[in-house]
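Asker: my questions are about this predicted structure, shown below with the sequence.
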Amino acid sequence: MPTMHTRRTFLKAAALSLAGMGLPKLGRGQGREPATDRPNFVIIFLDDSGWADFRPFAAQDYPTPHVEQLAKEGCCYRNFYVPQAVCSASRAALLSGCYPGRTRVFGAHGPGARGLDPKFATLGEVLKRRGYATAVFGKWHIGDQPETRPPARGFDESCGLMYSNDMWEFHPENPEYWGRHPLQFWENGKVTIERVTKEHQPMLTTWYTEHAVDFIGRHKDEPFLLYVPHAMPHVPLFCSDRFKGKSGVGLYGDVMMELDWSVGQIMQALQANGLEDKTLVIFTSDNGPWISYGNHAGKTPFREAKGTSFDGGTRSACIMKFPGRIEAGTVSKRAFCSIDILPTLAHLAQAELPANPVDGRNVWDLIVGKPGATNPHDYYPFSTGETFEGVISGDGRWKLHLPHKYRTLVTPGRDGAAGTYRQEDIGLSLFDMELDPYETTNVLDQHPDVAARLKQYADRHRQKFYTPNAG
């Protein structure tokens with residue numbers, strides 16, 4: 001394994017941090033028990049990866065053998081959604097199981113933001129109470145205050161950035177604003193790199209992967225949650241020297257090959273420690289590609305991209321593997337959403353749900369393809385920032401856009417420079433996602449009964465979560 005390029009070793013940092021932070025700890029009798037029927041969970045969460053960036057979903061000019069192998073050993077979910085196609089909102093939804101309208105986590109938070117209110121429990125807290133070892137290695141982006149950083153939110157071990165890797169002095173559009181706060185690298189509640197530079201960024205994927213592999217080896221005898229939210233392929237793009245130029249198709253391809261390598265390292269660690277059959281692996285992205293960045297952005301076949309409520313933004317490629325539980329080499333078109341991950345994993349771990357309201361539901365029967373299983377949701381909501389923009393039926397068949405403005409690309413940027421958008425308007429629109437997954441033809445007039453039903457769901461959702469004192 002490559003040497004960890006940090007000021008001190010991970011283990012020393014972990015020991016010092018846990019000893020001095022005064023965090024509530026679980027005793028051996030309360031929590032840490034030998035793994036029995038409780039599975040391990042590994043969540044690999046990419047940043048701004050397009051639905052079509054990996055070969056299981058679409059052909060690409062760069063190889064991704066480890067993700068392809070994951071798909072061969074698991075299931076590709078072609079209709080997996082996030083409720084908002086922006087960084088912080090998507091991550092908060094994954095970790096809390098709650099709609100953005102409930103948590104009020106919208107958009108992408110900058111340095112110093114409070115983020116997800118501690119009254120909403122995270123997946124880390126839910127599983128830690130059940131005796132799981134927990135770790136997050138990567139981009140956090142749901143809180144940059146002592147009470148909202150990983151050590152206070154149920155994660156025993158952590159390292160990475162508190163927000164996006166472009167929120168720094170070299171921002172392509174607003175360097176003066178973002179340069180006011182140095183981009184810092186944290187480990188277990190302490191800053192170990194005061195100012196992340198262009199020399200550090202190429203090592204982020206390597207560091208997160210090394211920590212993940214190390215964590216798996218040290219916790220092989222107890223159940224664990226390993227959350228790896230990579231900083232890449234969010235711009236600015238960086239990869240280590242071993243992958244620079246390797247794809248032959250540019251930097252984006254190099255970055256994707258390194259992310260694929262990371263998946264391979266994590267899977268090999270599970271295999272080496274005899275944990276493959278005990279572990280549910282989830283591989284997906286927080287949202288679709290940031291197409292403004294042109295050749296530094298991923299690809300999606302769907303309409304629009306990140307920062308919109310069209311499927312190019314809210315539909316993410318997803319693969320899950322759990323030998324003996326999820327049939328290998330399969331493809332599923334059943335729709336579900338990132339808010340369902342927390343209650344589903346809690347079900348598998350036999351853990352109690354949080355005391356706070358949780359909007360997600362246990363969808364394990366959908367994930368494993370149980371005959372006759374139906375989605376327990378009537379609908380899933382979509383929003384951009386604080387604007388509620390529409391709903392999709394729980395089965396993924398029908399999608400209703402409320403009237404709203406959205407951004408559409410005019411000219412893509414190149415080599416790290418941003419392109420230009422213009423604002424467009426969409427009126428009340430109904431799309432048949434089974435016949436028209438690209439949202440091209442409004443069938444509102446042809447299916448007024450369906451439109452009325454979804455409009456009723458949308459009106460109730462708006463009233464509950466987007467009026468004064470809502471949530």
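Answerer: The structure has been received and is ready for your questions. Numbers count the residues shown, from 1 in each chain.

Asker: next one: the strand or helix carrying residue 71 to chain centre, how far?
Answerer: Per DSSP states H and E: residue 71 is located in helix 65-73. How far helix 65-73 lies from its chain's middle: 19 Å, per C-alpha atoms, centre = their mean, to the nearest Å.

Asker: and it, what's buried?
Answerer: If you call a residue buried by 16 or more other C-beta atoms under 10 Å, then helix 65-73 has these buried ones: 66-71, 73. For the C-beta atoms, the positions are set from N, CA and C on the backbone; glycine is no exception.

Asker: can you check stretch 277-297 too?
Answerer: So for stretch 277-297, counting by 16+ other C-beta under 10 Å, buried means 278-294, 296-297.

Asker: looks like residue 303 contacts residue 312 (just checking).
Answerer: Yes: look at residue 303 against residue 312 with C-beta atoms under 8 Å: they come within range, at 5.2 Å.

Asker: got CSV for the buried residues of helix 65-73, with distance to residue 354 too?
Answerer: As requested, these are exported to CSV (distance: C-beta to C-beta, whole Å):
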residue, distance to residue 354
66, 34
67, 32
68, 36
69, 35
70, 30
71, 32
73, 32
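
Asker: what's the closest of these to residue 192?
Answerer: Distances from residue 192 to these, taken as C-beta to C-beta, are shortest for residue 66 (28.5 Å).

Asker: quick one on the thing from earlier: of residue 303 and residue 312, which one has the most company?
Answerer: Using other C-beta atoms under 10 Å as the criterion, residue 303 and residue 312 rank with residue 312 on top: 25 against 20.

Asker: so who does the more buried one touch?
Answerer: 51, 288-289, 291, 300, 302-306 (C-beta atoms under 8 Å, 6 or more residues apart in numbering).

Asker: which SSE is it in?
Answerer: Counting by DSSP H and E, residue 312 is part of helix 311-314.

Asker: chain center to the very next helix or strand once past that helix: distance?
Answerer: Once helix 311-314 ends, the next helix or strand along the chain (criterion: DSSP H and E) is strand 315-321. Centroid separation between strand 315-321 and its chain, computed with C-alpha atoms, centre = their mean, is 10 Å.

Asker: same check, this time on stretch 459-471
Answerer: Relative to where its chain is centred, stretch 459-471 has its mean C-alpha point 25 Å off (C-alpha atoms, centre = their mean).

Asker: what sits up against that stretch?
Answerer: Applying C-beta under 8 Å, 6+ apart, the contact partners of stretch 459-471 are 99, 101-104, 379, 381, 386, 388, 391.

Asker: which among those gets closest to residue 401?
Answerer: Out of the contacts of stretch 459-471, the member with the shortest distance to residue 401 (by C-beta to C-beta) is residue 391, at 9.0 Å.

Asker: helices of the stretch 201-350 of the chain, start to end?
Answerer: 204-218, 251-272, 311-314, 341-349 (DSSP state H, counting those that start in this stretch).

Asker: export only the CA atoms of the longest one, formatted as PDB.
Answerer: Only the C-alpha atoms of helix 251-272 are listed here, as PDB (Å, rounded to 0.1, in the frame of the first residue of the first chain):
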ATOM      1  CA  LEU A 251      -7.900  14.200 -17.400                       C
ATOM      2  CA  TYR A 252     -11.500  13.200 -16.800                       C
ATOM      3  CA  GLY A 253     -10.800   9.700 -18.000                       C
ATOM      4  CA  ASP A 254      -7.700   9.600 -15.800                       C
ATOM      5  CA  VAL A 255      -9.700  10.600 -12.800                       C
ATOM      6  CA  MET A 256     -12.400   8.000 -13.500                       C
ATOM      7  CA  MET A 257      -9.700   5.300 -13.800                       C
ATOM      8  CA  GLU A 258      -8.300   6.200 -10.400                       C
ATOM      9  CA  LEU A 259     -11.800   6.100  -8.900                       C
ATOM     10  CA  ASP A 260     -12.200   2.700 -10.500                       C
ATOM     11  CA  TRP A 261      -8.900   1.600  -8.900                       C
ATOM     12  CA  SER A 262     -10.200   2.800  -5.500                       C
ATOM     13  CA  VAL A 263     -13.300   0.600  -5.900                       C
ATOM     14  CA  GLY A 264     -10.900  -2.300  -6.700                       C
ATOM     15  CA  GLN A 265      -8.800  -1.600  -3.600                       C
ATOM     16  CA  ILE A 266     -11.800  -1.600  -1.300                       C
ATOM     17  CA  MET A 267     -13.300  -4.700  -2.800                       C
ATOM     18  CA  GLN A 268      -9.900  -6.500  -2.500                       C
ATOM     19  CA  ALA A 269      -9.700  -5.500   1.100                       C
ATOM     20  CA  LEU A 270     -13.100  -7.000   1.800                       C
ATOM     21  CA  GLN A 271     -12.100 -10.200   0.000                       C
ATOM     22  CA  ALA A 272      -8.700 -10.400   1.800                       C
END
